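Enquirer: coordinates only, sequence not included:
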Ligand SMILES: [Cu+2]
């Protein structure tokens, strides 16, 4: 079902309601648009509480962080025949060596990083297939949480006729496009509550981390601190990077999506300095941040 477009007979009829008598040929108003299904999951050190199977269709994921560290509810899709064990082994090795990510893994979004005690939301279209929730956050030794048990497979089956309307994509008032390597958005970021549509318009998987900078912190500071591949290459051993909390506060985002995918989230912007960045790694072993995928924006 589609929402009526401005100027459709039904809307015109509402606009001049007194003129529409029962005898006129006013189209029947459409039924209320179905909302996405809501799926709750929880993360802690180091595991997910999440369903084993889900119907396909538009889905809002709510990730509650019940632990003491930042966690993701990143979804990856496995090509048929691949196992969770293969995923953990191959992906851990790719991270350890800054190597290319396995070709049989599709980055499929999900909630981005969420601080301890907080909840993150994303809404996206689920297709039938075999998936895995993983938390790609690394500990101080560079070991990802998904290698410590924060990993869980799930399957998506084709939804039946009574399932939520497949056309129920959220109505966004802000579009952020992820490109190789940067961000464009429209309209300009403004204070207030927004439904953000994030599209991957590039050829590589990209994610989006939005943060409001702490006073005095610049995008350059963030570029130096939140750069996983440079830390792996260049950081002096034993020297911990500055904490996320010292740089700013999370303002929403999404885990990595494949090219042509879209994912939605809600965000509240308040006046101040924000930064958009992508935590993905390019095939050359460098962070997308090093390729320029970081942008500071003033919100008024
Ligand atoms: Cu990127």
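Expert: Looks like it arrived, so ask away. Since we're looking at a predicted model, the values are computed, not measured. Numbers count the residues shown, from 1 in each chain.

Enquirer: Need the pLDDT of the residue in the stretch 1-150 of the chain that the ion sits nearest to.
Expert: Taking Cβ to the ion, the ion has its nearest neighbour within the stretch 1-150 of the chain at residue 107, 10.3 Å off. The way it works is simple: take the backbone N, C-alpha and C, and place the C-beta from them, glycine included. Per-residue pLDDT puts residue 107 at 98.

Enquirer: Same check on residue 241?
Expert: pLDDT, read off for residue 241, is 71.

Enquirer: wait, what's in contact with the closest residue to it other than its chain neighbours?
Expert: Leaving aside its sequence neighbours, residue 241 sits nearest to residue 225 (Cβ to Cβ, 6 or more residues apart in numbering; 5.3 Å). With contact set as Cβ atoms under 8 Å, 6 or more residues apart in numbering, residue 225 has these partners: 241-242, 247.

Enquirer: likewise residue 72?
Expert: So residue 72 contacts 43, 63, 110-114, 134-137, 255 (Cβ under 8 Å, 6+ apart).

Enquirer: partners of the residue lying closest to residue 124 once chain neighbours are set aside in the sheet?
Expert: Nearest residue to residue 124, sequence neighbours excluded (Cβ to Cβ, 6+ apart): residue 263, at 4.4 Å. Here residue 263 sits in beta bridges with residue 198, going by DSSP bridges.

Enquirer: what about residue 263, how many neighbours?
Expert: When counting by other Cβ atoms under 10 Å, one arrives at 28 neighbours for residue 263.

Enquirer: OK, contacts around it?
Expert: Counting by Cβ under 8 Å, 6+ apart, residue 263 has contacts 109, 122-124, 197-198, 254, 257.

Enquirer: Can you get me the start-to-end distance on stretch 288-297?
Expert: Length of stretch 288-297, first residue to last, Cα to Cα, to the nearest Å: 18 Å.

Enquirer: Adjust the sequence numbering to begin at 139 for everything that follows.
Expert: Happy to do that; since the first residue is 139 now, the last one works out to stretch 426-435.

Enquirer: What residues sit buried inside it?
Expert: 426-429, 431-432, 434-435 (16 or more other Cβ atoms under 10 Å).

Enquirer: Surely residue 369 is in a helix?
Expert: Yes. Counting by DSSP: H, G, I helix; E, B strand; the rest coil, residue 369 is located in a helix.

Enquirer: give the contact list for it.
Expert: 280, 379.

Enquirer: quick one: it from the ion, how far?
Expert: 17 Å (Cβ to the ion, to the nearest Å).

Enquirer: same question, residue 410
Expert: From residue 410 across to the ion, the span is 24 Å (Cβ to the ion).

Enquirer: who's that residue bridged to?
Expert: Bridge pairing for residue 410 - DSSP bridges - gives residue 437.

Enquirer: give me every residue that touches it.
Expert: 350-351, 436-437.

Enquirer: Also residue 256?
Expert: With Cβ under 8 Å, 6+ apart, residue 256 has these contacts: 202-203, 388.

Enquirer: quick one on the thing from earlier: could you identify the buried members of the contacts of residue 401?
Expert: 247, 260-262, 335-336, 392, 395.

Enquirer: can these go into TSV with extra columns for distance to residue 307 and secondary structure?
Expert: What follows is those, written out as TSV (distance: Cβ to Cβ, whole Å; DSSP: H, G, I helix; E, B strand; the rest coil):
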residue	distance to residue 307	secondary structure
247	14	coil
260	13	strand
261	8	strand
262	9	strand
335	8	strand
336	13	strand
392	15	strand
395	14	strand
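
Enquirer: Same list, the residues you listed, but as TSV with distance to the ion please.
Expert: Rendered in TSV, the data for these read as follows (distance: Cβ to the ion, whole Å):
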residue	distance to the ion
247	13
260	17
261	21
262	17
335	17
336	11
392	11
395	10
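
Enquirer: any idea which of the residues you listed is closest to residue 268?
Expert: Each of the buried ones among the contacts of residue 401 was checked against residue 268 using Cβ to Cβ; the closest is residue 247, at 15.6 Å.

Enquirer: Name the nearest residue to residue 391, ignoring sequence neighbours.
Expert: Per Cβ to Cβ, 6+ apart, closest to residue 391 is residue 250, 3.8 Å.
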